[in-house]
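> Everything below, folded, please.
(chains A, B and C)
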Amino acid sequence: MKPVVIVGAGPAGISAARTLLDYGIRACLVDEGLRGGGQIYRRQPEGFQRTAQQLYGFEAGKAQAVHRTLDELAPLIDYRPRTLVWNAEDQRLDLLTDNRADSVEYSRLIVATGATDRILPVPGWTLPGVYSLGAAQIALKYQGCAIGERVALCGSGPLLYLVAYQYAKAGATVVAVLDSAPFSAQCRALPALLGQPATLAKGMYYRAWLTAHGVPVHQGATLAQIDGVQRVSGIRWGAHTLACDAVAFAHALRSETQLADLLGCAFAWNPLNRAWLPTRDSAGRSSVNGVYLAGDGAAIMGADAAQMAGERAALALLEDAGVATDRHRPAVLEQQLARIQRFRLGLETAFPFPEKWAAQAPDNLTVCRCEEVSAGDIRAVVDDGHWEINRVKAHCRVGMGRCQGRLCGLAAAEIVAERSGRSVEDVGRLRGQAPIKPLPFGVQVQP
Amino acid sequence: MGLFKRLAETARPVVAFTLDGQPASALLGDTLLTAVLTCSEHLRGSDFSAERRAGFCLMGACQDCWVRLEDGRRVRACSTLLEEGQAIRRDPGRTA
Amino acid sequence: MSDVIVLGGGIVGASAALMLAQKGQRVTLVERDFCGSHSSGVNYGGVRRQGRPLHQLPLSQRAHQLWGELPGLIGIDGEYVRCGHLKLARSAADFAALHAYAERTREFDLGLQLLDRAELRARFPWVGDVAVGASLCPEDGHANPRLVSPAFARAAQCHGAVVHEQAEVVRIKHDGRVFQVHCANGLHLHAPWLLNCAGAWAGSVAAQFGEPVPITSAHPAMLVTEPLPVVMDVSTGVEGGGIYARQVARGNCILGGGRGFALGPRQARPGQAAVLEILRNAAELYPFLQGAQAIRTWSGTEGYLPDHEPVIGPSSTTPGLLHGFGFAGAGFQLGPAVGEALAEIVCSGASRQPIEAFSIRRFQA
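Model (predicted):
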């Protein structure tokens, strides 16, 4: 009997595994991480001493609950940490653990692949000392480190203020917070945000705390340039310059959708996320029979929603497998998810996508850091008559490097759209190609 | 000088390693990335300009923190924990 | 009204459009997707004569001349290099086969050099010990198909050809004199000549005109490594097949071998088994790749006839209809010469190169 496989041991994947086990199904839970928890509830290595309160703040209780659940599940299910899914084909996932290639067949599959930061490059962003906001948070949470002595945090989205708060609280010197969203946008968003008063209150708390502790917060301030030779020496925005030795920036998150793509899931344009995302019904069923999507890997909704979506997808899987499940639970979960979705609309208003980014990106800006493709290189291809993103990639190599366009794909699409006078939707999406992450020559293939 | 600054968890046991042949030390539980960037300023040179890179995403996505171990293995520094005595080599990159 | 309608914007169709436009013909090219986005644009990029069947060599030699004039033809160098093609033998029998091929092709002046084990080691020290000898064709080479194939279409356009991309042909009619081509997007074309260069999809056009061919599709498995120090100074293949590899100036090694599978009529992907097999074979033949990372895999859709030879030349049923398809994964190098041959038939009634061996009549009982 082929197992149910779950990819990703973050809030969505763990919650799905828990739900399945409640109904007697021992899933195979595959995760790249060392100790599970996903990025948001990533656990520090063994032997570290900080308390959950110190690591996760307001979310300590939730993080601990997720970790406890995984610890309880681990001996009862087929939990495979440190394992990358590099390909999917024919009801089978191809796996890579250290240097060993293996595969697992599945009867049904829950994809909970999570998200990474959404990056809109700025000049200087490849310098040592520049990181994504998520990276800055991981350095602290997972390693007890700040990314530098004098840190500037830039971009927009809820993570911006959270990281600033966590850094300052941990004793780092945060020299500036640059929020590209104007204050007026956040006022406009207030009605929608009031739908989740607790989350709103946390955001306001971080802001107030930063101000009270003398951390300079600049709203409507767009990071224009990161200066430095061999490492960061400062930043510029508007008419301002500021010395610092580290910068973290991002504009919210983007879904990791490569696996869903290789599985053949249908994609549709999602205006809220400003991205092509795999389609799913309200329960998480993808367009492919037996494949379910949950968490930020399907659309950005945050950890609480991911947990609910993981449970909902597991219940859908059980229903589809003919297992009798709690009849009322799905509706409750779907209502809660709908509420969070409305809150997400508010967040997009509060932290709007910087529409002018593409037009303002200078020609010499490196967009693709793997292949070192500049905005000007991309524009030249567009000027030559190309506008479909895979064609643009074929001509100038943007998104063709080691990361397969994870970091630059969305930014490149924005530039192509702006230059060609088309919508970002029209430009299309980079096709997923195995391996999802690099596959070494010399890999030992398990028989 | 290092890039990263340790703010917490500094009481861990010391782990010795070498970086491009030079002796260095870090703490037990450090990733290779933390170990290297607390004592130096980069992880690799880029493939086409030899420009210095020091990782970016710290979550295994950007593929900009690959380093080489003495046994020939290549690993993502951000998602590999340091072991006693490891010899880490940084690829200098090339100018195309 | 055009003089010629070309179906398919691959390297064959686009070359034909370019050569026709250069000869003053009014050409319209229709491409269902994007020019050079299928097998012409995603193939391995080998530009090789070595190893081809003898009757392909006249066309291949002419193509070799055209490749030598590439920047003049298409306006870019397309990363084309004449670095040599090294065909490796893994056994004495394979090496004997390479000797025999060199003998058979002597009149074509391919300049083949046979290297025994010691000579191979001395000249190409990066080749794995599993190779016992090799045949080098010094003037063969490789190019970037992603750039070259679309550039032929672009060059055709620059010479006055009209190129319609994303124009799927839904109906073709012929009244005995003029072809009418209707596309899904409403495009409606007429011309006395129709060139069927629709690659793996060309069979339906041939069938419509009463000359069905047993064409099938196959999908190469391809992968590329991260950029590596430049080691490989020739493109390589293996007698008996199985794997081929080259390295581009940026350092990426491109390897192919085995077969992928179709995801649908237009999309294909290398299978997991083929990818792992390439990695395994590479360990023997290209040991310097140990520890390198494969960063991307891809495939395409190639048309194959049972004898692995293309169909080139006039229709046996319909005046004005010409075929150029079914290159069995080996059409990239030939493409420009095939396009030229088709253009010559239109303009002067006959190709300068012998193409009888590729007639569609061979499938008629």
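> What residues does chain A have near chain C?
Residues of chain A lying close to chain C by Cβ under 8 Å from any Cβ of the partner chain are A:87, A:89, A:92, A:94, A:101, A:103, A:262, A:264, A:384-385, A:388, A:390-391, A:394-395, A:400-402, A:404, A:433-435, A:438-443, A:445. Placement of C-beta: from N, CA and C, glycine included.
> Give me the subset of the residues you listed that lies in helices.
A:262, A:390-391, A:394-395 (DSSP state H).
> coming back round to it: list only buried entries from the residues of chain A next to chain C.
A:87, A:89, A:92, A:94, A:101, A:103, A:262, A:264, A:388, A:390-391, A:394-395, A:400-402, A:404, A:433-435, A:438-443 (16 or more other Cβ atoms under 10 Å in any protein chain shown).
> ok, stretch A:201-217 near chain B or not?
No - Stretch A:201-217 lies apart from chain B when judged by Cβ under 8 Å from any Cβ; the minimum separation is 15.5 Å.
> buried stuff in that stretch?
Neighbour-count burial for stretch A:201-217 flags A:202-203, A:206-207, A:210, A:215, A:217 (criterion: 16+ other Cβ under 10 Å).
> pLDDT on it, on average?
Mean pLDDT, stretch A:201-217: 93.
> Touching it from outside, list them.
By Cβ atoms under 8 Å, 6 or more residues apart in numbering or on different chains, the residues outside stretch A:201-217 that reach it are A:58, A:158, A:161-162, A:164-165, A:168-169, A:174-177, A:179, A:193.
> related to what we said a few turns ago, from the residues of chain A next to chain C, which are also near chain B?
Within the residues of chain A next to chain C, those near chain B by Cβ under 8 Å from any Cβ are A:401-402, A:438, A:440.
> Rebuild those as TSV, extending it with pLDDT and distance to A:Ala198.
Output for these, formatted as TSV (pLDDT from 0 to 100; distance: Cβ to Cβ, whole Å):
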residue	pLDDT	distance to A:Ala198
A:Gly401	97	41
A:Arg402	97	40
A:Pro438	97	41
A:Pro440	95	45
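> With respect to chain B, which of the residues you listed is nearest?
Checking these against chain B by Cβ to the nearest Cβ gives A:Arg402 as the nearest, at 3.6 Å.
> rewinding a little: for the buried ones among the contacts of stretch A:201-217, write the corresponding PyMOL selection.
Restricted to buried positions by 16+ other Cβ under 10 Å, the PyMOL selection for these reads:
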select buried, chain A and resi 158+161+162+164+165+168+169+174+175+176+177+179+193
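> Farthest pair within the contacts of stretch A:201-217?
A:Val175 and A:Leu193 (28.1 Å; Cβ to Cβ).
> Quick check: residues of the stretch 251-365 of chain C near chain A?
By the rule Cβ under 8 Å from any Cβ, the part of the stretch 251-365 of chain C lying against chain A is C:261, C:263, C:269-272, C:275-276, C:279-280, C:282-283, C:289-298.
> Verify the contact between B:Glu51 and B:Gly93 for me.
Yes - judged on Cβ atoms under 8 Å, B:Glu51 makes contact with B:Gly93 at a distance of 7.0 Å.
> Now the common contact residues for those two.
Between them, B:Glu51 and B:Gly93 share the contacting residues B:Gly45, judged by Cβ under 8 Å, 6+ apart.
> Can you name the residues that contact A:Ala375?
A:361-365, A:367, A:415 are the contacts of A:Ala375 under Cβ under 8 Å, 6+ apart.
> please redo it, this time with the cut-off set to 6 Å
By Cβ atoms under 6 Å, 6 or more residues apart in numbering or on different chains, the residues touching A:Ala375 are A:361, A:363, A:365, A:367, A:415.
> Sitting in helices, which of the buried residues of stretch A:201-217 do you find?
A:202-203, A:206-207, A:210.
> could you pull out the strands for the stretch 51-200 of chain C?
C:85-89, C:113-116, C:133-137, C:141-142, C:162-164, C:169-174, C:179-183, C:188-191, C:193-196 (DSSP state E, counting those that start in this stretch).
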